[in-house]
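[1] Provided below are the primary sequence and the corresponding predicted coordinates.
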Amino acid sequence: MSTVTGVGASTQSGATSVGALSSDEFFKLIFTELSNQDPLKPNDTNALLEQIANIRSIQSDVDLVDRLGELVGQNELSSGAGLIGRLVSGLTDTDDRVSGVVNSVSKTDEGVVLNLDGGYRVPMSKVDRVLEDQAGDDAQADGGDAA
């Protein structure tokens, strides 16, 4: 049983190592594998190449997920910045319902946080209403009085 566990553990660390290889290191690994095999009992080269290709494909998928996560974070930050000056309503981290004008936006480890007047902080994921544009209300009030 411990032998099987050891093999599984080395396979996982091998996947990480192969995914981080440069092209030159990758080719060296293949040539070393091919040069060390017994010529009278050759290994299945196609199976080896398929396994390595699968490992690299998995690593590419992981990299893609990481990049997409970064893109989503940047998009959320841009969306939060678009709310500056707007009246929003939502829940704080302690689940208190608050509303206020967005003064600024912060990016934290937990995600994007809207900083409201009154010192409230509302995570972007907990905003449930975007109300009227404060600047637009002032302009309408000024325009209405002038007419």
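    Nice, thanks for sending it over.

[2] in which helix or strand would I find residue 90?
    If you go by DSSP states H and E, residue 90 is part of strand 86-91.

[3] Just checking: what are the partner strands of that strand?
    In the sheet, strand 86-91 lines up against strand 97-108 (antiparallel), strand 127-133 (antiparallel) (DSSP bridges).

[4] Let me know which of those is tucked in deepest.
    Ranked by mean neighbour count, the strands paired with strand 86-91 are led by strand 97-108 with a mean of 15 (mean count of other CB atoms under 10 Å). All C-beta atoms are positioned from the backbone trio N, CA, C, and that covers glycine.

[5] Name the residues that touch that strand?
    73, 77, 80-81, 83-92, 112-118, 120-122, 129, 131, 134 (CB atoms under 8 Å, 6 or more residues apart in numbering).

[6] Let's see that with 6 Å instead.
    Contact with strand 97-108 is made by 77, 80-81, 83-84, 86-89, 92, 113-118, 120, 134, as judged by CB atoms under 6 Å, 6 or more residues apart in numbering.

[7] can I see the domain layout of this structure?
    Structural domains annotated on the chain: 2-73, 84-146, as defined by automatic domain parsing.

[8] measure residue 83 to residue 77 for me?
    Distance, residue 83 to residue 77, using CB to CB, to the nearest Å: 11 Å.

[9] oh, I was asking about residue 102
    13 Å.

[10] Just the buried residues from the contacts of strand 97-108, in PyMOL please.
    Applying 16 or more other CB atoms under 10 Å to these, the buried members can be selected in PyMOL as follows:
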select buried, resi 77+80+83+86+87+88+89+113+114+115+116+120
